[in-house]
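[1] Sequence first, predicted model second:
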Amino acid sequence: MGRMPPEVLAHELNLAWQHVFTWGSWAIVLIMVVIAIRMGKRQGTPFYLLAIIAAGVGAYIEPLYDVAFDLWFYDVHNGQPGAMFSHFTAFGIVQPNWTHSGYIILYATACLYAGRALYEGRVTPKLLGLIWLAEITASCVFEVIGTGVDVYTYYGPYVLRIWNYPLVIGVLEGTQVIIFTLAATYFWRNVQSKWGLLGLLLIFPVTMMGANAGLGAPIIVALHLDDPSASTGIIWVATLFTIALCAIAVYGLSKMLPQGPALVAQTNRTTVNPVTT
């Protein structure tokens, strides 16, 4: 981790907002699960539910993200640690159990509202860009609240903050949503069985860490330079470069959107109605 200020370590956790984040986020997840099951039954696929599970299970890699991006969950109340609703600690960072619900909300929602359209090849580059901006906005709203009401913080020497939230994080998260949703949809179009969709459990951590540690590499390195006195200008450059890389990535993905029917559908039609000469 970076150089954590002592006041961050001793900062009080807002217990009321911890309840809001815990119970509110899990209530939203419950609604998402019901929607995913109903959509899955209607369309004959477990894709939506497995996308939710993949994001939820993937939250166990959150400590790696915390170390890279200088994120700290507050755990002190009245000077004593242990105030957080936690289920494990890694790298000295206590993890709240709402990270799983948060991952599902932030990273799997697009699979519910855009997955089928991507599967059927109905998403245009312009629409993909709008989805990207919508996901960035949703990320900013969620995390501006969390970092603004004493639940957690990004303590690194970021620039371009909205209230207490670094904008570059929102751009990275929105980009990860696009990468995961598109990769998951391509996989769905080409997998040969419903059981094969369990591969989504592997796709999520690969895209999560690939997007954040890959596209986010400039800002990660800049945040952890050994000479903090010389890092401010570099952080500005790294921030703008990271945002530019995200925009380039989404633009590139817009050029390879799924088109036409899925491979499975093509295979089924060929099997049922073989071409004769």
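    Cool, the structure landed.
[2] Where do the helices of this structure begin and end?
    Secondary structure of the chain by DSSP state H: the helices cover 6-9, 15-19, 25-43, 47-58, 62-69, 98-103, 109-119, 125-148, 167-190, 200-209, 217-223, 232-254, 263-272.
[3] Nearest to R161, out of the ones you listed?
    helix 167-190 (7.0 Å; C-beta to C-beta). Heads up, the C-betas are built off the backbone N, CA and C, glycines and all.
[4] which parts of that closest one are buried?
    167-189 (16 or more other C-beta atoms under 10 Å).
[5] between that helix and helix 62-69, how big is the angle?
    140 degrees (axes from the mean of the first three to the mean of the last three C-alpha atoms, to 10 degrees).
[6] What is helix 167-190 packed up against?
    helix 47-58, helix 109-119, helix 125-148, helix 200-209, helix 232-254, helix 263-272 (3 or more C-beta pairs under 8 Å, 6 or more residues apart in numbering; DSSP states H and E).
[7] Of those, which is nearest W98?
    helix 125-148 (9.5 Å).
[8] other SSEs contacting the closest one?
    Using 3+ C-beta pairs under 8 Å, 6+ apart: helix 125-148 touches helix 109-119, strand 152-154, strand 165-166, helix 167-190, helix 232-254.
[9] Just the angle for that helix relative to helix 109-119, thanks.
    Interaxial angle of helix 125-148 relative to helix 109-119 (the same axes, to 10 degrees): 170 degrees.
[10] quick one: helix 125-148 to helix 25-43, angle?
    Using the same axes, to 10 degrees: helix 125-148 against helix 25-43 is 160 degrees.
[11] who's in contact with V76?
    Contacts of V76 were listed using C-beta atoms under 8 Å, 6 or more residues apart in numbering, and they are 9-13, 83.
[12] could I get the residues you listed as a markdown table with distance to I136?
    Output for these, formatted as a markdown table (distance: C-beta to C-beta, whole Å):
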| residue | distance to I136 |
| --- | --- |
| L9 | 30 |
| A10 | 32 |
| H11 | 27 |
| E12 | 30 |
| L13 | 27 |
| A83 | 31 |
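[13] ok now stretch 131-144, how far from the chain's centre?
    Here stretch 131-144 is found 10 Å from its chain centre; the criterion is C-alpha atoms, centre = their mean, to the nearest Å.
[14] Next, the buried residues of that stretch.
    So for stretch 131-144, counting by 16+ other C-beta under 10 Å, buried means 131-132, 134-136, 138-140, 142-144.
[15] can you list contacts of it?
    102, 105-106, 109-110, 114, 123, 162-165, 167, 169-171, 173-175, 177-178, 250.
[16] try stretch 89-107
    Against stretch 89-107 from outside (C-beta under 8 Å, 6+ apart): 1, 18, 21-22, 25-26, 28-29, 32, 52, 55-56, 58-59, 62-63, 66-67, 71-73, 75, 81, 84-88, 135, 138-139, 142, 151-152, 173, 176-177, 180, 204, 208.
[17] In PyMOL, select just the buried ones from those.
    Of the contacts of stretch 89-107, the buried ones can be selected in PyMOL as follows, counting by 16+ other C-beta under 10 Å:
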select buried, resi 1+18+21+22+25+26+29+32+52+55+56+58+59+62+63+66+67+71+72+73+75+84+85+86+135+138+139+142+151+152+173+176+177+180+204+208
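[18] May I ask you to confirm that P218 is in contact with C246?
    No - using C-beta atoms under 8 Å, P218 makes no contact with C246, being 10.8 Å away.
[19] And for V149, the neighbour number?
    15 (other C-beta atoms under 10 Å).
[20] contacting residues for it?
    Here V149 is in contact with 14, 17 (C-beta under 8 Å, 6+ apart).
[21] and the gap between it and V33?
    From V149 over to V33 the distance is 26 Å, taken as C-beta to C-beta, to the nearest Å.
[22] Please apply the same query to G79.
    With distances taken as C-beta to C-beta, G79 is found 39 Å from V33.
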